[in-house]
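Undergrad: my questions are about this predicted structure, shown below with the sequence.
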Amino acid sequence: MQIRNTAVRYGVAAQLFHWSIVVLIITQVILAEKADGLPLGPAKIAVLAQHKSVGMTIFMLAVVRLLWRFVNPVPPLPSGMPAWQRVAAHISHGALYALILITPLFGWLMSSARNFPVSWFGVFTFPDLVQPDKARYEFFHGAHELVAKTLVVIAIVHALAALKHQFLDRDGLLRRMLPVKPRQ
C-alpha cells in the first residue's frame, strides 16, 4: 500500500481524499434535497446544520488535498491520450477543484450574510465572513446554488469520462484511482 502517488497510480492518501470528497458531495446533494422538501422549522434547521457541517468538511479536505497535490505530483495521463482529451482533463480537474472550494465558501458567505452561524458538527463555529445584509444573502444564495449545480454536472461528466477510459479505451485511467491492487 503506497501512501504517495507513483508514476503509474495515485497513492492511498490521494485516493482517500478523492473518494471521501465524492461521498461527501453525494451526501450534500441528498441533504440539500431533503432540506428543500421540509417546511421552515426545527427539522429543516437541523438538516441545514448537517449540510453546513458536511460542506465545511469538504472545504477543509479540499484545502488539505490541494496541499498534498502540490507536494505529491499526480501520475501522468496515458501517453496515447489525444491532446484534446488531455486539455479537457486539465480543465475539468481545475474546475472541480475550484468548485469544491467555492461552493462551501459561498454557502458560508450566504449564512454569514443571513446571520446564521456555520458550525462544524457543534464542535466549533466558524466566524462570520461578512456583515448581515439581505441583498448580499440573496446574491450568495443564488451563487451557491449555481456553483453547486455546476459542480454536480462537472462531477458527472468527470465520472462518465473515467468510465469511458476504463471500459471503452481500456487504458487503465480509472484503475489508478481505485483502492485495488494494481495489475503487475
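TA: Thanks, I have the structure now.

Undergrad: break down the protein into its strands, ranges please.
TA: Using DSSP state E, the strands of the chain run over 118-120, 124-126.

Undergrad: hey, what's residue 126 bridged with?
TA: For residue 126, the beta-bridge partners under DSSP bridges are residue 118.

Undergrad: make residue 1 into 227 and carry on from there
TA: With 227 as the first residue, the last one maps to residue 352.

Undergrad: hang on, it packs against residue 342?
TA: No - here residue 352 does not reach residue 342: they are 11.2 Å apart, not a contact under Cβ atoms under 8 Å. (C-beta placed from N, C-alpha, C; glycine too.)

Undergrad: give me the common contacts of these two.
TA: Common neighbours of residue 352 and residue 342, counting by Cβ atoms under 8 Å, 6 or more residues apart in numbering, are absent.

Undergrad: before we move on, back to that, which of the strands of the chain is buried the deepest?
TA: Ranked by mean neighbour count, the strands of the chain are led by strand 344-346 with a mean of 18 (mean count of other Cβ atoms under 10 Å).

Undergrad: what packs against that one?
TA: helix 268-297, helix 309-340, strand 350-352 (3 or more Cβ pairs under 8 Å, 6 or more residues apart in numbering; DSSP states H and E).
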